[in-house]
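> Requesting a structural model of the entry that follows:
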Amino acid sequence: MRTILITGANKGIGLETARQLAQLGNFVYVGSRDIRNGEKAVAELKATGITQVAAIQIDVTDIADIRRAQEELSSQIDALDVLINNAGIAGEQPQELSVDSMENVRRLFETNFFGAVQTTQLLLPLLRKSVASAIINVSSEVGSLTMNMAVDRRPNWRNYSAYGASKTALNAFTVMLANELREQNIAVNSVTPGYTATDLNQFKGFKHVSEGARPIVALAMAADSSITGRFFQDGGELPW
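The predicted structure follows:
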């Protein structure tokens, strides 16, 4: 059994990831900005017979809240095996970077990038206590610089330019941190769920949340520190 924390897990892909990982015998902390939403999500899971779950409040944009969550976890567990940085926002669209408001860009980076960085930093002491731990950053294919350079992609992804830039930054964090922690038996990877129907995209995605969660779950279950500094999708890898 692995002990796992998922941020932004009270709904969508985060909740489905929690469901699948708990069904595989892991203990999952369902992180949410509002503890009431987390408790509601946990109640939904328990109503279906999934018992190895607990709610924890963690607002990734609030450093004091992350510290409080870290203290709560430290009082309950000896080590954290997997941190899944899933919390994220899509921002307002359209968001072409030539005209998008700086307020929108900053909000996106505050949650999608800085939130993941400071959450990871504060939870690293617990991750270091695990025999083989993993940090999984939930990214997006719109954060792939290589894919953004493809002519057929540019018109379709333009409305998500600022969001994509925040995910590109997250991918850079993945690579840099993977190199830093390579000798400490901590794997760090990015993963995209693909275009999944959630409230992030007004449920326009063509994949079901059960499909979107699948590559995240696979990475969380890998327990192989040699798999690090890579960018995964369902069924394979993506270019940076």
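
> biggest helix in the chain by residues?
Ranked by number of residues, the top helix in the chain under DSSP state H is helix 161-181.

> C-alpha coordinates for it, CSV please?
Taking Å, rounded to 0.1, in the frame of the first residue of the first chain, the C-alpha atoms of helix 161-181 are listed here in CSV:
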residue,chain,number,x,y,z
SER,A,161,-1.8,30.1,-24.8
ALA,A,162,-1.4,31.4,-21.3
TYR,A,163,-2.6,28.1,-19.8
GLY,A,164,-0.1,26.3,-22.1
ALA,A,165,2.7,28.6,-21.0
SER,A,166,2.0,27.8,-17.4
LYS,A,167,2.2,24.1,-18.2
THR,A,168,5.4,24.6,-20.1
ALA,A,169,6.9,26.1,-17.0
LEU,A,170,5.6,23.1,-15.0
ASN,A,171,7.3,20.8,-17.4
ALA,A,172,10.6,22.7,-16.9
PHE,A,173,10.2,22.3,-13.2
THR,A,174,9.7,18.6,-13.7
VAL,A,175,13.0,18.3,-15.6
MET,A,176,15.1,20.5,-13.3
LEU,A,177,13.7,18.8,-10.1
ALA,A,178,14.2,15.3,-11.6
ASN,A,179,17.8,16.1,-12.2
GLU,A,180,18.2,17.4,-8.7
LEU,A,181,16.6,14.4,-7.0
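
> outside of that helix, which residues touch it?
When contacts are defined by C-beta atoms under 8 Å, 6 or more residues apart in numbering, helix 161-181 is touched by residues 85, 90-91, 95-97, 100, 104-105, 108-109, 111-113, 116-117, 120, 135, 137, 139-140, 142-145, 148, 157, 187-190, 228-229, 231, 240. For glycine as for every other residue, the C-beta is placed from the backbone atoms N, C-alpha and C.

> did I read that right, Gly25 in a helix?
No - counting by DSSP: H, G, I helix; E, B strand; the rest coil, Gly25 is not part of a helix but coil.

> Quick check on the contacts of helix 161-181: which are buried?
The neighbour count (16 or more other C-beta atoms under 10 Å) marks 85, 90-91, 95, 100, 104-105, 108-109, 111-113, 116-117, 120, 135, 137, 139-140, 142-144, 148, 157, 187-190, 228-229, 231, 240 as buried among the contacts of helix 161-181.

> follow-up on the earlier one: show me what counts as buried in the longest helix of the chain.
For helix 161-181, a neighbour-count test (16+ other C-beta under 10 Å) marks 161-171, 173-175, 177-178, 181 as buried.

> Stretch 65-83 too?
Ile66, Ala69, Gln70, Leu73, Ile77, Ala79, Leu80, Asp81, Val82, Leu83.

> what's the closest of those to Leu21?
Of all the buried residues of stretch 65-83, Val82 has the smallest distance to Leu21: 8.3 Å, by C-beta to C-beta.

> follow-up on the earlier one: reformat the buried residues of stretch 65-83 as CSV; add pLDDT, secondary structure and distance to Gln23.
CSV is the format used below for these (pLDDT from 0 to 100; DSSP: H, G, I helix; E, B strand; the rest coil; distance: C-beta to C-beta, whole Å):
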residue, pLDDT, secondary structure, distance to Gln23
Ile66, 98, helix, 28
Ala69, 98, helix, 24
Gln70, 98, helix, 27
Leu73, 98, helix, 22
Ile77, 97, coil, 20
Ala79, 98, coil, 22
Leu80, 98, coil, 20
Asp81, 97, coil, 17
Val82, 98, strand, 15
Leu83, 98, strand, 20
